[in-house]
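A.B. asks: Just need the structure, nothing else, for what follows:
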Amino acid sequence: QVQLVESGGGWRQPGGSLTLSCAFSSAYSRTIFSLYEPGWYRQAPGKERELVAQFRNDATPNYADSVKGRFTISSDSEKTTMYLQMNSLKPEDTAVYYCKIGTDPIYWGQGTQVTVSS
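C.D. replies: Okay, the predicted model is just below:
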């Protein structure tokens, strides 16, 4: 069983920045981390959950078109924590953000609210 604990959500004005963190209860080795497809998703009110950023199997990042150039996914060297650096925030980035890891089974964090408004 893997537990994911998110933190870092909050309110920002448009153009602001936030960094989300996702701590894993189990450490993943550097070599297998990306094989579990760790990533960030978000769900806005009335919308389906969507992919924001994810590590591919070759460990390269993959971003939704809507966040390319603004968001950056990263992890610490021990693969115990994953981050999402969000810059140039827009009102349409408002959502509950979830971190996720695993393919079968899939593990989700509890979600953290990000609100972007003036």
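A.B. asks: lowest average confidence, helix or strand, in this structure?
C.D. replies: Using mean pLDDT, DSSP states H and E, helix 30-33 stands out as the lowest-scoring helix or strand of the chain, at a mean of 76.
A.B. asks: Tell me which residues of the next helix or strand after that one come out buried.
C.D. replies: Counting by DSSP states H and E, the next helix or strand C-terminal to helix 30-33 is strand 39-43. With burial defined by 16 or more other Cβ atoms under 10 Å, the residues of strand 39-43 counted as buried are 39-42. For every residue, glycine as well, the C-beta is placed using N, CA and C.
A.B. asks: of all the residues you listed, which comes closest to residue 11?
C.D. replies: Looking at these and their distance to residue 11, the nearest is residue 42, at 15.4 Å (Cβ to Cβ).
A.B. asks: Residue 99 is in contact with the closest one, correct?
C.D. replies: No. Residue 42 is beyond contact range of residue 99, at 10.4 Å (criterion: Cβ atoms under 8 Å).
A.B. asks: what about the residue nearest to the spatial centre of the chain, distance to residue 84?
C.D. replies: Closest residue to the average C-alpha location of the chain: residue 40 at 2.7 Å, with Cα atoms, centre = their mean. Using Cβ to Cβ, to the nearest Å, residue 40 is found at 5 Å from residue 84.
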